[in-house]
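# What follows is a predicted structure for the sequence shown.
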Amino acid sequence: MSETGEIDEGFYSRQLYVLGHEAMHRMATARVLIAGMRGLGVEIAKNVILAGVKSVTVQDEGEAVWSDLSSQFFLKESHLGQNLAECSLQQLSDLNSHVLVSAHTGPLDEDLLQQFQVVVLTDSSLEDQVRFGELCHKHGIKFIVADTKGLCGQLFCDFGEEFVVLDQNGEAPKSAMIESISKGNPGVVICTDDKKHGLSDGTQVIFSEVQGMTELNSIAPVEIKKRDLYSFSISDTSGFSEYVRSGVVTEVKQPCTLNFKPLSEALSDLQLLVMNDFGKIWRHNTLHLAFQALHNFVKKEQRLPYPQSQSDADALLVEVKELNSVAQVEELDEAAVRKLSQTAQGDLAPVNAFIGGIAAQEVIKACSGKFMPLRQWFYFDALECLPEEEEDQLSECFSSAEGSRYSGQIAVFGPAFQEKLARQKYFLVGAGAIGCELLKNFALMGLGAGEEGRITVTDMDFIERSNLNRQFLFRSQDVGKPKSEVAAKAVKEMNPQIQITAHQNRLDPDSEGVYDYNFFTSLDGVAAALDNVEARVYLDKRCVQHLKPLLEGGTMGTQGHTLVVVPHLTESYGPATSNSGESIPLCTLKNFPHRIEHTLQWARDQFEGLFNQTPENVNLFLRDDGFVERTLGHGDAEALEVLGGVWSSLSGMKAGGQRPASWEDCVSWARCRWETLFNNDICQLLHCFPADQVTPTGLPFWSGSKRCPHPLTFDPDCPTHMDYIISAANLYGQIYGVEGTRDSKSIRDIVEKVSVPSFTPKSAVKIHLTDKEMEEDKVKDCDDAEKARLEDLKGKLASSTLKKSAMQMFPMDFEKDDDTNFHIDYIVAASNLRAENYNIPAADRHKSKLIAGRIIPAIATTTAAVAGLMCLELYKLVQGHQKISSYRTAYFTLAVEYFVMSQPSPPRRFQIAGKKYTLWDDFLVEGRLGGQQEMTLGDLLRYIKEQSGLTVNSLYYGTAILYSGQEDRLELSVSDLVKQGTKKEIPPHKKMLELIPSFAEEEDSDSDSDYLTIRYLLP
């Protein structure tokens, strides 16, 4: 928040789409105290500071010791012996200049706590938790306790007697268009079938734009009862007017008030436990007692239990059983109590990241009233990270880890595992939000920190200001620099031992010369921190090819997911499914929009066509002599559009074209374009389908999802009208290299002199009602007039003088985060003008940028939690866990404290000739054995037959058919066969060919992925 109270939208851009402006404003008044600056405390502080509260005070009386370096990422060895709060202060302050960060090195007391709206305790005693919990409850201070011990974590929230939640889930209010409303008691509302209404019983709604039964437009919110996916009932409508047409129903979100128990009372209430792994219900109940018992143990012994100590584990179990004599938990998980005792001295970065992410989200809820808080206990464990077999369990006496930065991790896994971590070679793809968090965890864990170890990170992107709110390794002075380089340098400062190499390559087929067979075979594993499905699918395919494990995670707002892919044990990420986003029919975009999403997509399409595609086509025409013929091959309709656009862009306005000679020409074009889009085109549509048009069945044409439009009249006093002219004129000037201006007065002076051609609707124009009609007309041959126009265009474009006098154009790639480039200005103005045409409520700049820019909402809390879970799976991979029950996939929503953690799915099995296979099964074939010549195709087929008993009857490489029974190909070497089949040379970096055989013994399969692969190693 700036000093003027305005939200810094450039910095908070992605978070604003999670929390919204109102919640952010409320947060900006909150003062937060975070007590304890070891690993968990600094994780919470980092996330809360990035979120943007008014102030954060970090408190700790203790001094940094070696074990703190295991998870406190802002500590260096030079900080040992210094106060933990003070030596973290500067780096925490640097995270967000809008938040005042201070340190308190004295003890906690009543006077201190009463200065804050939210208090968070970490690394605290049970006595302090109870004492300060009572104080905070009494004074209306939101109180949070967070704790981690080894592989276990605990969280508690008390937000007082009457805490108001203003928005329970953060989702946009649901809305739907109305098809009909009956008169009756109850009245039945039927929605259009293009979109499910998404409403549930008890939801309160309001009505707008209803014609006929207009009484609904002015009534207070009414409760609904769901009938099915497209209809619901409301109160008595029998006394209302008859429904005619149109209408929108919109959900009205209702606040709710919650009551919390103070910690002293909540300790004995097991009903307040929020589950996260439904295979561990009894363990969660046990951990609730075990954490209390641990506090009792520390009070008696003045220390935590020793690592792997059986006697200490026995003592802790006795404490738990004593507590259970009162609590009466039906089934104690005694093994979990022992493991907690044996690992309690551990301090693990991944566990702190997960619990710290959740705890920080609870702070945000406490400050903003946004989302449903935790009610009230949360327990988490990852004890399955420990060795799988009893004989592999750590001995009670392993070498001391004193003086090691990894001592907090060695206390859990032992020194041998630490050495193994140091030898790991990992490939991280992506250095954005999740990538930064993963690199932080890697550095703290010591992954690839030995002489034999290595981390390779690649990211093609450069740092933007909007990244700084959640990609915490970057600072404002890093804007414009490569993400991977800055991130690698930052974690090298965290842990100078880490061996890390930064690349700026996109991971795709073009970079296979860098990330080739030798590169992948040298790896121990891969981590994906990617933001699109296509890249994930490609990386997953490379990992399957080379039998490498993959850690994958993603976020959207407060939702997070993680997936671990283990060769031969689990399914892979898999091929891309159809786009989960709802595609909008073209005829809806072109003629019948009824939601703001439609007008925004239309505006985005206008931008791409005018300012990117047409200039690209012009430049292609100028440098490629075959452009015209190639375009003609795409069909007459497309050729007319593309070639007409090229000629028009190359020819001056005096010659009938659209090429501007001056800034005044750009403004004139923008004004005429305005008239075409928002007046003439609408007049033409209404000429074809008047407002009173009826269908062949006698129903109104303009009803349901078809909104009847009206033309606009240009008004220079209307800001949206002038916003369109200013942005369109400047963008048009930019693609031609003509300098523009933002001076609205001078632009208005030019506009007033523009002569706008008159328009008369044409009767011969056909308006497509469906996409099918549009596609059918597209493939039809042109009529004689259109063919004559096409021949005329070909002649004009063949003119040698046209190319000689032509100048290159400057296409624009849409960039949503630069508020000075007119891109979003154009989208917002064009969309809202079209929305006005169709009586669709306009969208502000913030919402328009989200939808048109296809922005993924993001917040640091979710990112930290996802990275923490991914690194817990990494512990298992490095140890070589072989039981699928040891691994976890996760899906969670921090907004509503919803967690699902389950074991991953095994790979799909398919059968060939009575034998079962999975995607992990293949034939790895050496192309040359023992210095002999390279295999021929015949050699390869015989080898497969000998190895598997299967007969290859056809062979494919990509889309090329290499063999389907042709005997003359059997004597060709495999590499020559591939060259012949693809008509290309094999790239020099290619060391392995992926050949897909079809076997005579195969049966029909219902899956395209049920096939074996021949991985052929080139000699």
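Perfect, I can see it now.

# so residue 199, which of the three states?
coil (DSSP: H, G, I helix; E, B strand; the rest coil).

# Helix or strand with the lowest mean pLDDT in the chain?
Lowest on mean pLDDT, DSSP states H and E among the helices and strands of the chain sits helix 771-779, with a mean of 70.

# First-to-last residue distance for stretch 361-374?
The stretch stretch 361-374 measures 10 Å between its terminal residues, going by Cα to Cα, to the nearest Å.

# and the closest residue to residue 658 other than its chain neighbours, what is it in contact with?
Closest residue in space to residue 658, ignoring its immediate chain neighbours: residue 648 at 4.6 Å, by Cβ to Cβ, 6 or more residues apart in numbering. (Each C-beta comes from the backbone N, C-alpha and C, glycine too.) Contacts of residue 648 were listed using Cβ atoms under 8 Å, 6 or more residues apart in numbering, and they are 657, 658, 659.

# re earlier: next structured bit after the least confident helix or strand of the chain?
Under the assignment DSSP states H and E, the closest C-terminal helix or strand after helix 771-779 is helix 784-797.

# Show me which positions of that next one end up buried.
By 16 or more other Cβ atoms under 10 Å, the buried positions in helix 784-797 come out as 789, 790, 793, 796, 797.

# what's the answer for stretch 1011-1019, then?
Applying 16+ other Cβ under 10 Å to stretch 1011-1019 flags 1011, 1012, 1013, 1014, 1015, 1016, 1018, 1019 as buried.

# Closest one to residue 519 out of the buried residues of helix 784-797, please.
Comparing the buried residues of helix 784-797 against residue 519 with Cβ to Cβ picks out residue 797 as the nearest, at 47.1 Å.

# Per-residue confidence at that closest one, what does it come out as?
The score at residue 797 is 81. That number is its pLDDT.

# surely it meets residue 642?
No: with the criterion set as Cβ atoms under 8 Å, residue 797 and residue 642 do not qualify as a contacting pair; they are 10.8 Å apart.

# Among the contacts of residue 648, which one lies nearest to residue 159?
Distance to residue 159 across those (Cβ to Cβ) is lowest for residue 658, with 61.2 Å.

# Can you say which helix or strand has residue 148 in it?
Here residue 148, judged by DSSP H and E, is contained in strand 142-149.

# The helix or strand following that strand pairs with which strands, parallel or anti?
Helices and strands here follow DSSP H and E; after strand 142-149, the next one along the chain is strand 152-158. Note on strand 152-158: by DSSP bridges, its sheet partners are strand 142-149 (antiparallel), strand 377-381 (antiparallel).

# In CSV, please show the C-alpha coordinates belonging to the longest one.
Listed in CSV are the C-alpha atoms of strand 142-149, where the atom choice follows Å, rounded to 0.1, in the frame of the first residue of the first chain:
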residue,chain,number,x,y,z
LYS,A,142,-6.5,-12.9,16.5
PHE,A,143,-4.2,-15.6,17.8
ILE,A,144,-2.3,-18.2,15.9
VAL,A,145,0.1,-21.0,17.1
ALA,A,146,2.3,-22.7,14.5
ASP,A,147,4.9,-25.4,15.4
THR,A,148,7.0,-28.0,13.5
LYS,A,149,9.0,-30.9,15.0
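
# Give the rounded mean pLDDT of it.
Averaged across strand 142-149, the pLDDT comes to 97.

# Centre of the chain to that strand, how far?
28 Å (Cα atoms, centre = their mean, to the nearest Å).

# Next: stretch 377-388.
Using Cα atoms, centre = their mean, we find the averaged C-alpha position of stretch 377-388 to lie 26 Å away from the chain's own average C-alpha position.

# gap between the two ends of it?
First-to-last distance for stretch 377-388 - Cα to Cα - comes to 29 Å.

# In the stretch 51-200 of the chain, what residue spans correspond to helices?
Taking DSSP state H, counting those that start in this stretch as the criterion, the stretch 51-200 of the chain contains helices spanning 84-93, 110-113, 126-139.

# All set now, cheers.
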